[in-house]
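1. next comes the sequence, and after it the predicted model I'd like to discuss.
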Amino acid sequence: MKKIVLALLVLVIAFIGIKVYKASYHKETISSDQNISITYNNTKRRYRVHLPTTYDERKKTPVILNLHGAGGDIDSMALMTGMNSTSDKYGFIVVYPEGTIQKILGKSLGSWNVGTAKKTIMIDDVGYISAVIDDVKTKYHIDE
């Protein structure tokens, strides 16, 4: 049973990776979005924040983390999901953390530590995501 679940998980991740890879050809950055870099475990990494058009720094605002699939990045994830327009419609902040970037066939592809790839297995992505949340808390008035 575990093998079937694992196989399905791998297929889903591969499918998302392919979709993200295709979407990354059409990179687009919204000018109001903020790209932020933090250093976690001696590695500089980035994330993007999209503030809804209704953002008011005096009011607590909910936050949604939107993680890209294997092979993706924050540019393709924002474009592929359309989450920025949903954020504007419903009034929440979207945070796009970026996985560790690997160069594969000349293309920069993001990945997460899912416990299977030798290059990423030692990376603490849970700690990184926690650091991103802590950093967002210092910059915006969020609803915890």
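-> Done, it's in.

2. in the host helix or strand of S130, what counts as buried?
-> Per DSSP states H and E, S130 falls inside helix 125-139. Within helix 125-139, the residues that count as buried by 16 or more other Cβ atoms under 10 Å are 125, 128-129, 131-133, 135-136. All C-beta spots, glycine's among them, are computed from the backbone N, C-alpha and C.

3. same check, this time on stretch 74-84
-> 74-81, 83-84.

4. point out where this protein drops to low pLDDT.
-> Applying pLDDT under 70 to the chain flags residues 1-31, 103-104, 108-109, 115-121.

5. can you show me the strands along it?
-> 34-40, 43-50, 63-65, 93-97, 100-104, 107-111 (DSSP state E).

6. if you compare the ones you listed, which one is most tucked away?
-> Each of the strands of the chain was scored by mean neighbour count; the highest is strand 93-97, a mean of 23, by mean count of other Cβ atoms under 10 Å.

7. packing partners of it?
-> strand 43-50, strand 63-65, helix 74-81, helix 83-90, helix 125-139 (3 or more Cβ pairs under 8 Å, 6 or more residues apart in numbering; DSSP states H and E).

8. and that strand with strand 34-40, angle?
-> 50 degrees (axes from the mean of the first three to the mean of the last three Cα atoms, to 10 degrees).

9. strand 93-97: partners in the sheet, and parallel or antiparallel?
-> If you go by DSSP bridges, strand 93-97 pairs up with strand 43-50 (antiparallel), strand 63-65 (parallel).

10. figure out which of those strands is closest to T100.
-> strand 43-50 (7.4 Å; Cβ to Cβ).

11. angle of that closest one against helix 83-90?
-> Using the same axes, to 10 degrees: strand 43-50 against helix 83-90 is 40 degrees.

12. and the angle from strand 43-50 to helix 74-81?
-> If you take the same axes, to 10 degrees, strand 43-50 sits at 30 degrees to helix 74-81.

13. list of residues touching strand 43-50?
-> 30, 32-39, 74, 78, 83-84, 87, 93-98, 100, 123, 128, 132, 135-136, 139-140 (Cβ atoms under 8 Å, 6 or more residues apart in numbering).
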